[in-house]
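how would this look folded up:
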Amino acid sequence: MAVDVLRDPSQAVSAVKAMLGLDAACSSSSIQFEILRATVWSMAAPAGEVHTNRVLSAALPTCRLLSSRSTASEEALRVDLRAALSTLEDTGDLLHLGGGYWSPATARLVAIPAGAGHLLIGGVPSSLLPIDDSTVQYHGPHRHLAKPSRELATTLPAEEFASWSRVPSRSLQDWAREVFDSLERQQYSPASAEAFEFYLPAISRPGAPQFKRWYESAGAATGVLLARRMRLYWREYRLVEVRAGRIVAVCALEGIDARRLMYARDDDAGNPVRARRLHAGDRAEWLFTSELPRAEQRAFAAFGELTIPDDRPFERRWTFARNEELALGMLRELGITLEQHHREERR
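Residues are numbered from 1 along each chain as shown. Below is the predicted model:
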């Protein structure tokens, strides 16, 4: 059997990329995700699962070689790889089985609306699928295909974009109404140390960011409000029923995205938040001062890039190199007012 001798690091990098089915131009930020897909796929095969420690130990040398971070400490690389595993869980490529164990998720194709291509989702490495390396565009943890080959399309199952992104199929108001109607509120007995804040967009400044729409008092309000209170290390969200500003019943929001409820409340109050377009051209940058719901963030991460400026941590800047109109449609569904400003205005 012939053995190829690699005489310098650049040859080793090229050889490993070829084995992984990666194009030579694939960025290091995308490479680590394909390394982890390949590692989990190969190591989980015998038992159906593999522990985090084994994955990180096996993937680390290859990541060090391909990531241009040869001087980084092993601890720093392991932290980054562990975070990348969680990212692949969120994108639907890997399954976290609990107890630190991982398994590959079923490979499938997700059609992006308006004929904007497909996402290749799942834990199968690209090198094992019937695809041409040059047809895959890597965007962080995501794999884009303009048009899947017939063989790939007939081999893999399809998943709807809404199902993958977890964006509710119902309108914002219908979804919120169903949430409000389905949750049973329990009689409230206040503890002396508890202090709620209430989300009140109806009395907030028009277009104010959502973090400025929280108030320590519900005033004389009667009805059902979104509320929150501080725990030791996190905020806990609740639906509360108030009468003349006093809480009489409360219920938890288990598995409910409180952020989406904020947008529904904004819409009810006729006081939407705003987003501004800062740049024209092929890469449109949109400025937000309110966080987006988890489902929209998941979808946007597939075709956009999020930046949070160090000097303005309350800002969220999403840049779209593709599928901007799809993103804008999703923002309109949230009731966000879109403002077209081609030049940034700093305050």
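
so how far is stretch 91-99 off the chain centroid?
A distance of 15 Å separates the centroid of the chain from that of stretch 91-99, by Cα atoms, centre = their mean, to the nearest Å.

contact partners of it?
Counting by Cβ atoms under 8 Å, 6 or more residues apart in numbering, stretch 91-99 makes contact with 33, 36-37, 40, 49, 85-86, 88-89, 102-105, 121-123, 141-142, 164, 298, 301-302, all of which sit outside it. C-beta coordinates here come from the backbone N, C-alpha and C atoms, glycine included.

so for it, what gets flagged as buried?
Under the neighbour-count criterion of 16 or more other Cβ atoms under 10 Å, stretch 91-99 has Thr91, Gly92, Asp93, Leu94, Leu95 buried.

list the neighbouring strands of the host helix or strand of Val224 plus their orientation.
Using DSSP states H and E, the element containing Val224 is strand 223-230. The strands that strand 223-230 pairs with in its sheet are strand 197-199 (antiparallel), strand 235-243 (antiparallel) (by DSSP bridges).

centre of the chain to the first one, how far?
This points to strand 197-199. Relative to its chain's centre, strand 197-199 lies at 26 Å (Cα atoms, centre = their mean).

give me the contacts around the helix or strand just after that strand.
Proceeding N to C from strand 197-199, the next assigned helix or strand is strand 214-215, under DSSP H and E. Applying Cβ under 8 Å, 6+ apart, the external contacts of strand 214-215 come out as Glu197, Phe198, Tyr199, Leu200, Ile203, Arg228.

derive a PyMOL selection command for the buried subset of the residues you listed.
PyMOL command restricting the contacts of strand 214-215 to the buried ones, with burial defined by 16+ other Cβ under 10 Å:
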select buried, resi 197+198+199+200+228
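
identify those among the buried residues of stretch 91-99 that sit within strands.
The strands, defined by DSSP state E, take in Leu94, Leu95 from these.

and which of the buried residues of stretch 91-99 is nearest Asp133?
Asp93 (18.3 Å; Cβ to Cβ).

now the closest one: closest residue in space that isn't a chain neighbour?
Gly123 (5.3 Å; Cβ to Cβ, 6 or more residues apart in numbering).

tally of neighbours for the one you found?
21 (other Cβ atoms under 10 Å).

and for Trp102?
24.

which other helices and strands contact the helix or strand hosting it?
Element membership for Trp102, per DSSP H and E: strand 101-104. Other helices and strands packing on strand 101-104, by 3 or more Cβ pairs under 8 Å, 6 or more residues apart in numbering; DSSP states H and E, are helix 28-44, strand 50-51, helix 52-66, strand 94-98.

could you redo the last one with a cut-off of 6 Å?
helix 28-44, strand 94-98 (3 or more Cβ pairs under 6 Å, 6 or more residues apart in numbering; DSSP states H and E).

buried residues in the very next helix or strand once past it?
Per DSSP H and E, strand 101-104 leads on to strand 108-111 as the next helix or strand towards the C-terminus. By neighbour count with 16+ other Cβ under 10 Å, strand 108-111 contains the buried residues Arg108, Leu109, Val110, Ala111.

turn those into JSON lines, columns for distance to Thr222 and pLDDT.
What follows is the buried residues of strand 108-111, written out as JSON lines (distance: Cβ to Cβ, whole Å; pLDDT from 0 to 100):
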{"residue": "Arg108", "distance to Thr222": "48", "pLDDT": "96"}
{"residue": "Leu109", "distance to Thr222": "50", "pLDDT": "96"}
{"residue": "Val110", "distance to Thr222": "44", "pLDDT": "94"}
{"residue": "Ala111", "distance to Thr222": "46", "pLDDT": "92"}
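
can you add distance to Ala45 and give these back as TSV?
Formatted as TSV, the buried residues of strand 108-111 follow (distance: Cβ to Cβ, whole Å):
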residue	distance to Ala45
Arg108	19
Leu109	23
Val110	25
Ala111	29
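
related to what we said a few turns ago, for the contacts of strand 214-215, work out which two are farthest apart.
Taking Cβ to Cβ, no two of those sit farther apart than Ile203 and Arg228, at 16.8 Å.

quick one, phi psi at Arg166?
For Arg166, the backbone dihedrals (degrees, to the nearest 10) come out as phi 70, psi 20.

picking up where we left off before, only the buried residues of the strand holding Val224, if you could.
Leu225, Leu226, Ala227, Arg228.
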